[in-house]
Every structure is written in C-alpha cells, then in structure tokens.
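Colleague: Quick one, fold the following:
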Amino acid sequence: MAIGNWKDGMNDDSAHFPPVDPVKTGIKGCCPRCGQGKLFNGLLALKPRCSACGLDYAFADAGDGPAVFVILIVGFIVIGSVLWLEVNYAPPIWLHILLFAPLTIVLSLVALRWCKGILIAMQYRHNAREGRLSRD
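Modeller: Take a look at the predicted model:
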C-alpha cells in the first residue's frame with residue numbers, strides 16, 4: 001500500500017515519501033514520514049507538526065509503552081551493575097548513590113526519548129490508532 005493512501009489524517013496529501021527505517025528515525029528523533037524534520041520540541045514533548053513535510057503529529061500517542069520499556073531495560077542495567085559492584089568490591093552506600101543516581105537519571109531520559117521516537121515511528125508506519133467499535 002502506498003504511503004499516500006493512508007486514512008484518518010495520518011497522511012492527508014498525495015505526496016509520496018520513500019520509506020524510512022523507524023528505528024533509526026526514532027533514535028534520531030526525526031519525522032516518521034520524511035525522516036528530515038524534528039519530532040521533539042525539547043527533551044520529550046512532541047512538536048505540533050513536521051517543519052520539513054508538514055505532517056501533523058496529532059496522531060502520535062505513545063502512551064505508557066516507552067516508560068515500561070525504559071523501566072525494564074534501565075532497571076536491569078542499573079540493578080545488575082549495583083549488585084556486581086557490591087559483590088566484588090563492597091563499597092560504602094554513598095558511593096553507590098554517587099555512581100548510580102546520575103547513571104539512572106541519564107540512562108532513563110535518553111532511553112525514554114529513543115523509545116518514544118521509535119514507538120511513534122512504528123505507529124505511523126503501521127497506521128496504528130486507538131481501537132474503535134464499528135456500528136454497522
């Protein structure tokens with residue numbers, strides 16, 4: 001199916017854009033349609049539309065999915081590192097806090113931005129939207 005034939009306002013024009021890789025586009029924080037314009041306005045807030053192709057980002061709703069992935073992935077990395085450090089070196093608790101509090105914050109923010117961008121790009125690519133009951 002051509003990108004220009006999608007329904008419900010995700011792509012209202014007849015222009016054809018070459019497909020972009022959703023993972024690369026999401027990690028870079030670029031538009032899921034053209035791959036050129038920026039997706040984010042700041043750290044995690046979405047822009048209203050793409051500055052390059054004009055795609056309206058009103059369809060984008062990543063929900064809680066990115067947060068769940070980040071909690072699982074960052075939690076595994078940080079807790080694994082804390083346990084390894086404690087078993088091998090047994091440092092004082094202040095050193096754990098000094099090392100792992102900033103690491104947790106930085107990893108969480110970076111991973112949340114990446115996951116949110118990837119999920120929005122996948123949502124656009126697969127024409128995903130909220131489920132509705134049809135009244136036929």
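Colleague: for the protein, which spans come out with low pLDDT?
Modeller: For the chain, applying pLDDT under 70 flags the ranges 1-15, 136.
Colleague: what residue is smack in the middle of the chain?
Modeller: Centroid-nearest residue in the chain: K116, 1.6 Å away (criterion: C-alpha atoms, centre = their mean).
Colleague: the longest helix in this protein is where?
Modeller: Longest helix in the chain, counting residues (DSSP state H): helix 93-125.
Colleague: list the helices and strands it packs on?
Modeller: Counting contacts by 3 or more C-beta pairs under 8 Å, 6 or more residues apart in numbering; DSSP states H and E, helix 93-125 packs against helix 22-28, helix 65-89. C-beta coordinates here come from the backbone N, C-alpha and C atoms, glycine included.
Colleague: So what touches the longest one?
Modeller: Applying C-beta atoms under 8 Å, 6 or more residues apart in numbering, the set of residues contacting helix 65-89 from outside is 91, 96, 99-100, 103-104, 107-108, 111-112, 115-116, 119.
Colleague: could you give the angle of it to helix 93-125?
Modeller: Using axes from the mean of the first three to the mean of the last three C-alpha atoms, to 10 degrees, one finds that helix 65-89 and helix 93-125 are set 150 degrees apart in direction.
Colleague: buried set for helix 65-89?
Modeller: Buried residues in helix 65-89, counted by 16 or more other C-beta atoms under 10 Å: G65, P66, F69, V70, V74, V78.
Colleague: How about the shortest one?
Modeller: Of the residues in helix 22-28, those buried under the neighbour-count criterion (16+ other C-beta under 10 Å) are P22, T25, G26, I27, K28.
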